[in-house]
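>>> Sequence and predicted structure are below.
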Amino acid sequence: MNFLSTRGGKKVTGAQAVVKGLSENGGLYVPEVFPAFTLDDLEDMLPLNYPERAARIISSFLDEYPAEELKDALVKAYSKFEGDDPAPLVRIDDGVYILELFHGPTCAFKDMALTVLPYLLRKGCDICGIKEEILILVATSGDTGKAALEGFKDADGVKIMVFYPNEGVSKMQKLQMCTQEGSNVNVVAVKGNFDDCQTAVKEIFASEQKAEELLKRGVRLSSANSINFGRLVPQVAYYFSAYLDLVSSGQIELGEEIDFTVPTGNFGNILAGYYAKRMGLPVRRLHCASNLNKVLTDFLSTGVYDIRREFYKTTSPSMDILVSSNLERLLFEISGRDEKLTAERMKELKENGIYSITKQELEKINEVFDGGFATEDESVEAMFGVFEDTGYTMDTHTGCAMKVALDWFEKNRKDETKMVIVATANPYKFPQDVLYAVTGNDVKDSFKGIKRLHAATAMEVPKSLLTLRDKPVRFTKVVSSRSLFDEVLEFLG
Ligand SMILES: *Cc1c(COP(=O)(O)O)cnc(C)c1O
């Protein structure tokens with residue numbers, strides 16, 4: 001299958017889309033068509049395990065990758081997860097389920113894709129005949145960085161460099177990144193917030209001159225951010241798998257439509273749900289959940305995307321984002337794949353911090369999407385309420401989604417559509433905030449938080465978090481967002 005850029009230009013193959021990450025004009029790669037899955041196809045997938053289901057989905061887009069080899073790579077990637085099922089579904093109430101995507105090596109849903117991306121990229125380079133060393137640059141709001149570092153550490157022919165906003169990630173996230181092992185990794189803190197960090201990294205990708213300078217050194221840039229199609233496509237799989245699990249366990253009939261509520265930052269996770277729907281998965285609505293940085297909530301109700309507003313640092317840092325990059329892919333679809341219009345809107349956003357879509361486009365989006373948000377108090381309330389009623393403990397990001405789902409139930413009491421709430425991080429990744437939500441207790445230290453949270457919930461503590469305390473800190477550098485490229489050159493030596 002070929003891929004188009006949302007801002008126009010040459011078509012590329014799937015392998016090229018994965019290797020390049022972003023098109024030369026800054027556009028994102030999207031599939032030329034959405035592969036179609038019929039109910040019969042879904043029925044065929046019922047007996048398959050997670051990696052086998054994922055292989056079907058990924059192969060349907062990336063058809064140049066050898067199917068058996070891809071499946072083996074997926075088996076290997078998901079063997080790094082705790083338990084037999086990398087994406088278990090937990091029923092917490094009648095018709096309400098939590099899709100737990102945090103059982104991977106770094107305890108966040110980013111592992112679902114970032115354990116797979118190294119294979120997609122390495123194989124993609126082989127397919128494209130690329131001989132240069134690959135340099136992965138990542139801007140992270142916290143979880144992507146660690147998951148990418150873990151995925152790519154010590155990979156052959158690849159170096160990885162992660163930039164995170166110095167004041168914008170949790171202590172646990174920072175510790176996870178700064179203690180990263182591996183001979184091919186580098187981690188740098190950037191002054192400013194995530195948007196500053198992401199914009200600076202995107203500028204490196206967009207600069208032909210910088211690309212040439214790197215090529216002269218035998219290095220080719222690639223991206224592990226969710227703008228890379230190789231990040232997006234493994235995520236489509238868990239929407240299918242959750243649906244199939246509901247059918248297998250007799251909770252729904254094959255063909256019955258369900259809803260998902262998704263905690264959203266860069267719009268990558270929820271966009272994968274939209275792709276699943278476009279491929280024929282019976283999804284009725286997608287509820288987009290934000291925290292106080294509710295640009296998306298406002299956009300989904302007014303059709304105006306306006307980032308000229310205060311930026312809040314919240315207890316759900318991976319959603320502290322104003323520029324949701326993957327929304328561009330939705331805009332492209334909704335505009336009738338109008339590349340000129342999409343490019344114009346992105347230009348307006350960059351220059352003026354605002355753009356709007358037409359009333360007709362908004363109506364089309366609202367046929368599938370609606371948005372809501374949680375204040376800090378509201379997410380705590382939702383986390384506490386569910387813990388008290390059901391004993392289920394969730395992290396702060398999932399808490400925002402829970403609030404939005406509860407609002408939906410409140411407003412649509414007669415609606416019997418089953419709801420899957422996507423859980424994106426292990427609660428122990430944000431131990432102090434989760435402890436506060438479920439017990440009202442404040443502790444100053446993350447590891448004390450883990451201990452107390454364990455005492456309060458009896459939930460198992462992931463080993464990868466427990467051992468962090470004793471690991472040496474390897475990376476301490478803090479730089480201005482203007483000097484990222486200098487850092488890159490220094491790292492390459
Ligand atoms: C990345 C992340 C999100 C947001 O996902 P997007 O794909 O950026 O919308 C939500 N929760 C957690 C824990 C995350 O790590």
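Arrived safely.

>>> just so I have it, where are all the strands in the stretch 301-450 of the chain?
For the stretch 301-450 of the chain, the strands defined by DSSP state E, counting those that start in this stretch occupy 304-306, 354-356, 369-373, 419-423.

>>> What strands flank the last one, and is each parallel or antiparallel?
Which is strand 419-423. The pairing partners recorded for strand 419-423 under DSSP bridges are strand 96-100 (parallel), strand 258-263 (parallel).

>>> just the third one next, same as before
As defined by DSSP bridges, the strand partners of strand 369-373 come to strand 283-290 (parallel).

>>> what about dumping the CA coordinates of the partner strand to PDB?
C-alpha atoms of strand 283-290 as PDB (Å, rounded to 0.1, in the frame of the first residue of the first chain):
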ATOM      1  CA  VAL A 283     -17.300   1.400  16.900                       C
ATOM      2  CA  ARG A 284     -20.100   3.900  17.500                       C
ATOM      3  CA  ARG A 285     -18.500   6.900  19.200                       C
ATOM      4  CA  LEU A 286     -15.100   8.000  20.400                       C
ATOM      5  CA  HIS A 287     -15.000  10.200  23.500                       C
ATOM      6  CA  CYS A 288     -11.900  12.300  23.600                       C
ATOM      7  CA  ALA A 289     -10.800  13.100  27.200                       C
ATOM      8  CA  SER A 290      -8.500  16.000  28.100                       C
END
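
>>> hmm, it in reach of the ligand?
No: against the ligand, strand 283-290 shows no contacts by C-beta under 6 Å from any ligand atom, the least distance being 8.7 Å. All C-beta atoms are positioned from the backbone trio N, CA, C, and that covers glycine.

>>> Next, L89: phi, psi?
Note on L89: its backbone torsions stand at phi -110, psi 130 [degrees, to the nearest 10].

>>> Contacts only, for it.
Neighbouring residues of L89 by C-beta atoms under 8 Å, 6 or more residues apart in numbering: Y97, I98, L99, E100, A242, D245, L246, V420.

>>> Which two among those residues are spaced furthest apart?
Largest separation among the contacts of L89 by C-beta to C-beta: E100 and L246, giving 14.2 Å.

>>> For the closest residue to S226 other than its chain neighbours, give me the pLDDT.
With sequence-adjacent residues excluded and distances taken as C-beta to C-beta, 6 or more residues apart in numbering, S226 is closest to G268, at 3.2 Å. pLDDT for G268: 96.

>>> right, and G268 touches F229 too?
No: contact criterion C-beta atoms under 8 Å: G268 and F229 do not qualify, at 10.6 Å.

>>> got the buried residues for the longest helix along the chain?
Longest helix of the chain, by residue count under DSSP state H: helix 229-248. Buried residues in helix 229-248, counted by 16 or more other C-beta atoms under 10 Å: 229-247.

>>> For the stretch 151-300 of the chain, just list every one of the helices.
Ranges of helices within the stretch 151-300 of the chain are 171-178, 194-206, 208-216, 229-248, 268-278, 295-302, based on DSSP state H, counting those that start in this stretch.

>>> closest to A382 among the contacts of L89?
Out of the contacts of L89, the member with the shortest distance to A382 (by C-beta to C-beta) is I98, at 12.5 Å.

>>> So in terms of bridging, what pairs with that closest one?
Beta bridges link I98 to V90, I421 when assigned by DSSP bridges.

>>> what's the burial count for it?
Residues near I98, counting by other C-beta atoms under 10 Å, number 26.

>>> Then D395?
D395 has 28 nearby residues by other C-beta under 10 Å.

>>> surely it meets N426?
Yes: between D395 and N426 there is a contact under C-beta under 8 Å: 6.5 Å.

>>> Just say which of the strands of the stretch 301-450 of the chain is most tucked in.
The highest average neighbour count among those, using mean count of other C-beta atoms under 10 Å, belongs to strand 419-423 at a mean of 25.

>>> does any bit of that strand sit next to the ligand?
No: using C-beta under 6 Å from any ligand atom, strand 419-423 never reaches the ligand; the gap is at least 8.5 Å.

>>> Let's test this: mean pLDDT of that strand, rounded?
Taken as a whole, strand 419-423 has a mean pLDDT of 98.

>>> what sits up against it?
The contact list for strand 419-423, computed with C-beta under 8 Å, 6+ apart, reads 89, 95-102, 109, 242, 246, 258-263, 269, 394-395, 398, 401-402, 405, 408-409.

>>> Within range of the ligand, give me the residues from this protein.
Contact residues (C-beta under 6 Å from any ligand atom) of the chain with the ligand: 108-110, 143, 226, 263-269, 318-319, 397, 424-425.

>>> ranking the helices of the stretch 151-300 of the chain by mean pLDDT, which is last?
Set side by side, the helices of the stretch 151-300 of the chain differ in mean pLDDT, and helix 194-206 is lowest with a mean of 88.

>>> Could I get the buried residue list for that one?
Of all the residues in helix 194-206, those buried under the rule 16+ other C-beta under 10 Å are F194, D195, D196, C197, Q198, A200, V201, K202, I204, F205.

>>> pretty sure the last one contacts N225?
This means F205. No: counting by C-beta under 8 Å, F205 stays clear of N225, with 9.3 Å between them.

>>> Overlap in contacts, those two.
Here F205 and N225 share the contacting residues G21, scored by C-beta under 8 Å, 6+ apart.

>>> show me what contacts F34?
The contact partners of F34, by C-beta under 8 Å, 6+ apart, come to Y275, R278, M279.

>>> What of V19?
By C-beta under 8 Å, 6+ apart, the contact list for V19 reads L121, G124, C125, C128, I130, I134, R220, S222.

>>> and the last one, how far is that from A15?
Right, the one you point to is S222. Per C-beta to C-beta, to the nearest Å, S222 is found 12 Å from A15.

>>> go on, the first one?
Taking C-beta to C-beta as the measure, L121 falls 9 Å from A15.

>>> ok, those two, which is more surrounded?
L121 (27 against 23).

>>> Got the phi and psi for the more buried one?
According to degrees, to the nearest 10, L121 has phi -80, psi -50.

>>> can you tell me how far it sits from the ligand?
19 Å (C-beta to the nearest ligand atom, to the nearest Å).

>>> I'd guessed that residue sits against V18; true?
Yes: counting by C-beta under 8 Å, V18 is a contact partner of L121 at 6.0 Å.

>>> can you list residues touching both of these two?
G230.

>>> since we're on the residue nearest to K444 when sequence neighbours are not counted, how many residues are nearby?
Leaving aside its sequence neighbours, K444 sits nearest to Q432 (C-beta to C-beta, 6+ apart; 7.9 Å). Using other C-beta under 10 Å, Q432 has 23 neighbouring residues.

>>> so what's Q432 up against?
Q432 makes contact with D442, V443, K444, S446, G449, according to C-beta under 8 Å, 6+ apart.

>>> and those, which two are the farthest apart?
Greatest spatial distance in those: D442 and S446, 12.4 Å, computed using C-beta to C-beta.
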